[in-house]
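**Q** I'll drop the sequence and a predicted model, then ask my questions.
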Amino acid sequence: MAVLVTGGAGYIGSHMAWALLDAGEEVVVLDRLSTGFRWAVPPAARFYLGDVGNQDLLAQVFAENRIDAVMHFAGSIVVPQSVAHPLEYYDNNTSKTRLLAEATIAAGIKHFVFSSTAAVYGDQPDDTPVLESAPLQPKNPYGQSKLMAEIMLRDAASAHDFRFVALRYFNVAGADPQGRTGLSTVGATHLIKIAVEAALAQRSGVDIFGTDYPTPDGTGIRDYIHVSDLVEAHLRALSYLRRGGEALIANCGYGRGYSVLEVLQTVMRVSGERFDLRYGPRRPGDAASVVANATLARRLLDWTPRHDDLDVIVQTALAWERHLMERKIGDLRELRQRLATAAF
Ligand SMILES: NC(=O)c1ccc[n+]([C@@H]2O[C@H](COP(=O)([O-])OP(=O)(O)OC[C@H]3O[C@@H](n4cnc5c(N)ncnc54)[C@H](O)[C@@H]3O)[C@@H](O)[C@H]2O)c1
Ligand SMILES: O=c1ccn([C@@H]2O[C@H](COP(=O)(O)OP(=O)(O)O[C@H]3O[C@H](CO)[C@H](O)[C@H](O)[C@H]3O)[C@@H](O)[C@H]2O)c(=O)[nH]1
């Protein structure tokens with residue numbers, strides 16, 4: 001049987017595709033390449049170019065492959081963009097999840113793993129690690145669009161022979177330790193991506209968004225989880241569903257937070273490079289501290305993280321960024337060569 005990975009050309013989906021292949025699974029990727037890259041898809045995966053909202057294509061994918069589980073990563077993820085274009089986010093993250101779930105159920109496929117987010121929690125009354133039962137009060141359309149998808153999946157699982165696990169990711173970072181894939185999105189706004197770019201002189205420095213939070217050093221605290229541990233949690237979720245596990249929504253984080261300053265100091269130490277820090281105002285919509293209580297995933301999914309170390313997260317992110325730089329230089333050389341030999 002094969003696993004369908006939607007969004008498998010993107011950051012997390014491409015790590016998932018590699019991890020599934022490593023585990024001996026057959027993999028089918030469906031991606032429209034809006035932010036992902038064809039080269040990020042492992043060569044051994046079967047690739048379909050297209051939209052998860054395309055019902056005809058979904059029917060074709062399900063007819064041409066023996067799929068027993070869907071892992072749904074495809075989506076739009078930029079919080080400020082979701083504020084500016086909310087309906088596009090509800091379309092891509094909510095409506096298309098509905099279409100995909102409908103096609104999955106119609107094809108008789110019972111297992112579904114969904115990429116949710118810590119953004120469903122919004123501001124919490126206190127800064128202790130957040131449990132799944134905490135109040136759900138997303139602060140932006142991105143978080144709302146994911147929460148609405150969770151609710152639809154829960155209701156569908158009550159009505160049909162269909163079970164799902166929704167994993168609420170905290171701050172995903174780092175790259176495949178074997179260097180096969182990483183975060184390649186141009187213009188990504190993730191703190192660790194920005195910091196490694198600065199360490200490698202790809203940008204002039206890093207803006208710190210807010211120094212007056214009620215945290216020990218005044219900067220925001222987040223729970224950074226290595227992408228390889230995150231995809232391992234998905235493998236565990238897949239076995240859980242195949243064993244007959246009930247519908248489940250679970251946090252994915254390590255349960256400990258680092259401040260922006262701690263992250264930036266780690267990037268400087270690990271890279272051996274210094275870069276400018278610009279202390280600025282808070283970014284609208286940011287919470288002071290977002291840390292997971294992930295005991296549910298550890299207990300029910302039997303998930304044990306193996307890369308719970310900020311140094312490792314930063315080392316792998318740096319290695320991938322260097323690879324991207326070499327790749328760009330290679331692309332430029334090839335372009336120059338082609339121009340030099342082109343007949344005009
Ligand atoms: N990166 C994070 O820190 C983070 C945190 C929480 C949740 N998530 C969720 O994880 C999932 C993957 O995120 P990512 O960081 O890998 O993002 P990404 O942008 O790198 O990957 C998304 C992939 O989905 C594809 N895609 C988007 N819409 C599509 C559509 N309609 N049809 C087919 N393909 C489509 C894109 O081309 C891309 O390859 C998303 O659903 C996101 O909301 C990510
Ligand atoms: O240049 C930067 C970028 C970030 N930050 C700070 O670093 C922390 C982390 O910010 P990120 O943008 O890396 O991530 P968020 O915590 O904003 O997380 C949001 O974006 C993530 C992906 O970027 C996930 O989607 C997550 O679910 C969603 O809530 C925040 O305190 C932020 O203010 C800076 O100081 N400077």
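**A** Received it, and whenever you're ready, just let me know what you need. Ligands and ions are numbered 1, 2, ... in the order given.
**Q** And the residue of this structure closest to ligand 2?
**A** Of all residues in the chain, residue 220 sits closest to ligand 2, at 2.6 Å by CB to the nearest ligand atom. Yep, even glycine has a C-beta here, placed from its N, CA and C like the rest.
**Q** OK, contacts around that residue?
**A** 209-210, 213, 259-260, 286-289 (CB atoms under 8 Å, 6 or more residues apart in numbering).
**Q** and what of residue 15?
**A** 175-176, 181, 227-228, 230-231.
**Q** Using JSON lines, please lay out those residues together with neighbour count.
**A** As requested, those are exported to JSON lines (neighbours: other CB atoms under 10 Å):
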{"residue": "175", "neighbour count": "29"}
{"residue": "176", "neighbour count": "19"}
{"residue": "181", "neighbour count": "26"}
{"residue": "227", "neighbour count": "27"}
{"residue": "228", "neighbour count": "21"}
{"residue": "230", "neighbour count": "25"}
{"residue": "231", "neighbour count": "25"}
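**Q** just to revisit the earlier point, neighbour-wise, which one of the contacts of residue 220 leads?
**A** Counting neighbours by other CB atoms under 10 Å, residue 260 comes out on top of the contacts of residue 220 with 24 neighbours.
**Q** Ranking helices and strands of the protein by mean pLDDT, which lands last?
**A** In the chain, no helix or strand scores lower on mean pLDDT, DSSP states H and E than helix 310-341, which sits at a mean of 85.
**Q** which of the residues in that one are buried?
**A** 310, 312-321, 323-324 (16 or more other CB atoms under 10 Å).
**Q** Packing partners of it?
**A** Under the contact definition 3 or more CB pairs under 8 Å, 6 or more residues apart in numbering; DSSP states H and E, helix 310-341 sits against helix 191-199, strand 224-226, helix 260-271.
**Q** any idea which helix or strand comes after the shortest one?
**A** Beyond strand 224-226 on the C-terminal side, the first helix or strand identified by DSSP states H and E is helix 227-242.
**Q** now that following helix against helix 310-341, angle please.
**A** Relative orientation of helix 227-242 with respect to helix 310-341: 100 degrees, computed using axes from the mean of the first three to the mean of the last three CA atoms, to 10 degrees.
**Q** Enumerate the residues of the stretch 1-150 of the chain near ligand 1.
**A** Within reach of ligand 1 by CB under 6 Å from any ligand atom, the stretch 1-150 of the chain has these residues: 6-7, 9-13, 31-36, 51-53, 73-75, 77, 92, 96, 115, 117.
**Q** I'd like to know which of these are buried.
**A** 6-7, 9-13, 31-32, 35-36, 51-53, 73-75, 77, 92, 96, 115, 117.
**Q** Could you pick out the residues of the stretch 1-150 of the chain near ligand 2 for me?
**A** Residues of the stretch 1-150 of the chain found near ligand 2 (CB under 6 Å from any ligand atom) are 77, 79, 117-119.
**Q** just checking, which of these belong to helices?
**A** Here DSSP state H is the test, and those give residue 79 as lying in helices.
**Q** Taking the residues of the stretch 1-150 of the chain next to ligand 2, tell me the two that lie furthest apart.
**A** The span of those, defined through CB to CB, is set by 77 and 118 at 12.3 Å.
**Q** Give me the common contacts of the two.
**A** Applying CB under 8 Å, 6+ apart, one finds that no residue jointly contacts residue 77 and residue 118.
**Q** Give me the subset of the contacts of residue 220 that also touch ligand 2.
**A** 209, 260, 286.
**Q** Which member of these is positioned nearest residue 146?
**A** After measuring the ones next to ligand 2 among the contacts of residue 220 against residue 146 - CB to CB - the closest member comes out as residue 286, at 17.6 Å.
**Q** Look at the closest one and give its secondary structure.
**A** coil (DSSP: H, G, I helix; E, B strand; the rest coil).
**Q** For it, list the residues it contacts.
**A** By CB under 8 Å, 6+ apart, the neighbours of residue 286 are 209-210, 220.
**Q** Kindly provide the distance from it to residue 205.
**A** Residue 286 sits 19 Å away from residue 205, going by CB to CB, to the nearest Å.
**Q** Can you tell me how far the closest residue to residue 318 other than its chain neighbours is from residue 92?
**A** Once flanking residues are discounted, residue 318 sits nearest to residue 196: 5.0 Å by CB to CB, 6 or more residues apart in numbering. The span separating residue 196 from residue 92 equals 28 Å under the rule CB to CB.
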